[in-house]
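Undergrad: the following comprises the amino acid sequence and a computationally predicted model.
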Amino acid sequence: MKLLNVEAVLDRDKGIQRAGHETEVMKELHDKTNSYAILSHRWGSDSEVSYEEMTGLMKMRKEDREEVTQRCGYQKIIKSCEQAKKDGYDWLWIDTCCIDKRSSAELTEAINSMYRWYRNSQVCYVYLNDIDKSEFPTERDFSLFGKSNGWPEWFSRGWTLQELIAPRNAEFFNKDWESIGSKESLMSTLTAITRIPEVVLRDEGILRVRVDISRRLRVAQIMSWAAERETTRVEDRAYSLLGLFGVNMPMLYGEGSKAFQRLQLEIIRVSSDHSIFAWNPKGRFGLHPSVLADHPGCFRGCHDIQEVHPDRFVKELQRYTQWKGLQVATNWNKLTGLQRGAESTQFFRFDVANLGIQVLLPVIRVIPLPPRDDTNKPECYMALLPCYDRYGKLFTINLQSIEHSFHKYFRTVHVPEECPVFRSLYLEFSQYAEESYRELRFHDKRTSYYGFTRRGAFPHEIADDTVTLSSQGNNLTVLVYANDKDRSRFAVGFGHYCNEIWAHIFCDIYPADRVAWSSWGDFAEQVYNTMWNTPLGEGHPPQYSTHKILSRGHLPRSAWDAMIIHFGGDRNMDITDIMIDIKPCPGCCAGPRECTYDLFPDELWFLSTRNRSFVREVHELELDGQSVCFEEYFGRIALGDYGRFNKNNFQVVGNIFQDMQELDIDSMDPVYQPIVSPVSGSQRVPHRMQTQQDIVTCGINYDSLVLRQPKGHLLPNNAEFNLLLRALSSRTARRHLVTAVIQCSAFYRVNDKPTQKDVSGAEFTQRLIPSKFLASGICLGPERW
């Protein structure tokens, strides 16, 4: 490894060298025979110093040299050297400048050796550049670390995982290079942040225990430590874990997510750990067939998974079948078959072949739901793994036979009352999909009308009301809303699983003896973990629909209902609109309601429920050159009224402009002002019946109507007004909305022998006809927005 000469670097920085002489600041030494310090840090953007710049600094032009020495990355090197010198170390290793990344061979060697280099160091300096205080944070703080899960950013990076575990001694420094604690003194806090057991932080050698099952760590456990961590390059999510699993492989930047597949195959070649198949399917975006996980995030929540000893595994299989009502103990052949399979060496052997990963597993043939009638339906099995999940149950995976191998199966199955049987299977491991993204666009303005404010997002901040979910890790987000005045708080969680949006509302109970809320971040993390670890339940993913209520919940001891409404449009779209809605309720509910899935038709608008044979008159006019159908109406009616038709009468329930005043929304804002539109006659009216003074419209019974001095008034059509309609949708749901009004001083009817009948002061109102133009139909309910 190439190490920095601490004395030479500091001397060169102070200008102690002969003119024209380049001080040797780097030397290649062996990590096992030399004492050295090592640096762990968060890389800065465009501020780090490379190997080429560090070794050739004195050969640069003066202005170029000054530019390098003024970088934050250079100052970090100097401060690290000063600390190493203070601690009595002559050599220091820093990943930014001690690897010549121009050489792919050197880069590959460094990445495969990095864990060992950190393990063999005498001390590791952990530099936390986002901590200003002189003490290590012991509680999550989203106001300071909103982009990194409430903790310093160092804890959210992929490479720093091995840099925390491998060194025996580590010292943490703040932004000003003041010591704020050691690995030993911060042990309990580090475990709370990372979920890495203290026994691992104290002695990383436990990672290499292969014999003692009671001490051996599961593959899924180790993967779970990296689940929430990110790297700049997709490939580094795999490369940064090589040392933790004691495997090596060449670096192939550009392979994308295939790097993580290769890592898992390397682990399989040296391990017989079945927990590598025990990842959570919620971590998968699409219906990919591979039994291997797409990224470390799939193992989120696997930190407490446990291995089952073969003898115990047989008893668990026996208990499982007894729970199904089958007495295996009374059937000697079946019992001995299970014992023979669990004790077989083949049970602990994984072979990677062209057909897949060959394994021996106990399986039960299952029936996919809903059942299929065709005779060529594929075989489906449920395989039981020798691993306990967080609930103390055997972990199971569903498999589907396709050609010669078995693929991961994600749909609901029926498990018949059958005994498991050991069977040799080939498990598909090919990766077909590269990283994909799905944007969720939130509409939550309505929550503010009732005093609720968004407190934050977990695990990452969101900008512009949009969150990007990634198939390579970040596919679950939680938002928290609170009304301090009414002591009400709820969280909404969103995820993307197997081409579907899934969501739920969680209501927080405010105890009477609590003075203030607990941290919203703690509440959000609790919701996040609950959503991730709770089974999706029967029937999920639900049948796809462009509009649906994803979840409803009543806020305890309040007059509020919260709901999540999904408007997706098309499952292939990259953007999905989500509305978080608050609706007043009587407040008499006993507690949170269960999650419900209300599916609606795919049409954007409901069709009118009125029979056209009962409509008194429908006339056609043109507003701004667009043909619109109007109903003739006598009585008091105004633009923005909404209500119901009772036979031929329109019963007004409310008016959106009056609702705006109740909610303290400025109705005089120009974006909410009605549009005055010119009115012209329908082109279908005979030309001989049109005059310059009057406007003529055609009726459905081919009687026409002449209007005097007509004036059209329409609701505005802009993003702000559309958002207002979304906010008011719980009031206007499934009711007719008056979107246009034509006023006239008088009108008369005409036919082929024009006769005239004046009616002073009549109005014509547009009823919503979906067959004419889009902005029509019965008003959308909140679940449709």
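TA: Perfect, thanks for sending it.
Undergrad: what about the closest residue to Gln661 other than its chain neighbours, neighbour count?
TA: Using Cβ to Cβ, 6 or more residues apart in numbering and skipping residues adjacent in sequence, the residue nearest Gln661 is Ser667, 6.2 Å away. No exception for glycine: its C-beta is placed from N, CA and C like everyone else's. Neighbours of Ser667 under the rule other Cβ atoms under 10 Å: 15.
Undergrad: quick check: Ser667 vs Phe429, distance?
TA: Note on Ser667: its distance to Phe429, by Cβ to Cβ, to the nearest Å, is 61 Å.
Undergrad: just Leu265 next, same as before
TA: Distance from Leu265 to Phe429, by Cβ to Cβ: 7 Å.
Undergrad: just Arg208 next, same as before
TA: For Arg208, the distance to Phe429 - Cβ to Cβ - is 25 Å.
Undergrad: just Asp132 next, same as before
TA: From Asp132 to Phe429 the distance is 47 Å (Cβ to Cβ).
Undergrad: in the sheet, who's paired with Ile505?
TA: For Ile505, the beta-bridge partners are Val492 (DSSP bridges).
Undergrad: number of nearby residues for it?
TA: As a burial measure, Ile505 scores 24 neighbours (other Cβ under 10 Å).
Undergrad: do the same with Arg237
TA: Neighbours of Arg237 (other Cβ under 10 Å): 23.
Undergrad: wait, is it part of a helix?
TA: Yes - secondary structure of Arg237 (DSSP: H, G, I helix; E, B strand; the rest coil): part of a helix.
Undergrad: hmm, Pro296 and it touching each other?
TA: Yes - taking contacts as Cβ atoms under 8 Å, Arg237 lies within contact range of Pro296: 5.9 Å.
Undergrad: still on that earlier bit, more neighbours: Arg208 and Phe429, which one.
TA: Phe429 (19 against 10).
Undergrad: isn't the more buried one right up against Asp294?
TA: No - the pair Phe429 / Asp294 is not scored as a contact, 11.5 Å apart, by Cβ under 8 Å.
Undergrad: give the contact list for Val123.
TA: Contacts for Val123 (Cβ atoms under 8 Å, 6 or more residues apart in numbering) come out as Ala37, Ile38, Asp87, Tyr89, Pro167, Asn169, Ala170, Glu171.
Undergrad: what is the nearest of those residues to Phe650?
TA: For these, the residue nearest Phe650 by Cβ to Cβ is Ala170; the value is 74.3 Å.
Undergrad: of the contacts of Val123, which is the nearest to Lys2?
TA: Once Cβ to Cβ is applied, the member of the contacts of Val123 that ends up nearest Lys2 is Ile38, at 12.4 Å.
Undergrad: pull the number of nearby residues for the nearest residue to the closest one once chain neighbours are set aside.
TA: Closest residue to Ile38 apart from its sequence neighbours, by Cβ to Cβ, 6+ apart: Ser121 at 4.0 Å. The number of residues packed near Ser121 is 26, by other Cβ under 10 Å.
Undergrad: swap in Glu52?
TA: So Glu52, with other Cβ under 10 Å, has 12 neighbours.
Undergrad: surely it is within a helix?
TA: Yes - looking at Glu52 with three-state DSSP, it is inside a helix.
Undergrad: how about the contacts made by it?
TA: Counted by Cβ under 8 Å, 6+ apart, Glu52 has contacts Asp100, Arg102.
Undergrad: go on, Val467?
TA: Glu439, Leu440, Phe442, Ala457, His460, Thr477, Phe494.
Undergrad: rerun at 10 Å
TA: When contacts are counted by Cβ atoms under 10 Å, 6 or more residues apart in numbering, Val467 touches 438-442, 457, 460-461, 474, 476-477, 479, 494, 578.
Undergrad: who does it bridge with?
TA: Applying DSSP bridges to Val467 gives these bridge partners: Leu440.
Undergrad: so how far is Ser290 from Asp389?
TA: 21 Å.
Undergrad: ok, now Val676?
TA: Applying Cβ to Cβ to Val676 and Ser290 gives a distance of 61 Å.
Undergrad: try Phe650
TA: Plainly put, Phe650 is 59 Å away from Ser290 if you go by Cβ to Cβ.
Undergrad: cool, and Pro137?
TA: 39 Å.
Undergrad: Arg229 too?
TA: Distance of Arg229 to Ser290, computed by Cβ to Cβ: 22 Å.
Undergrad: swap in Glu7?
TA: Taking Cβ to Cβ, one finds Glu7 at 52 Å from Ser290.
Undergrad: quick one, which of these two is more surrounded?
TA: Ser290 (20 against 16).
Undergrad: is it true that the more buried one lies in a strand?
TA: No - counting by three-state DSSP, one finds Ser290 to be coil, located in no strand.
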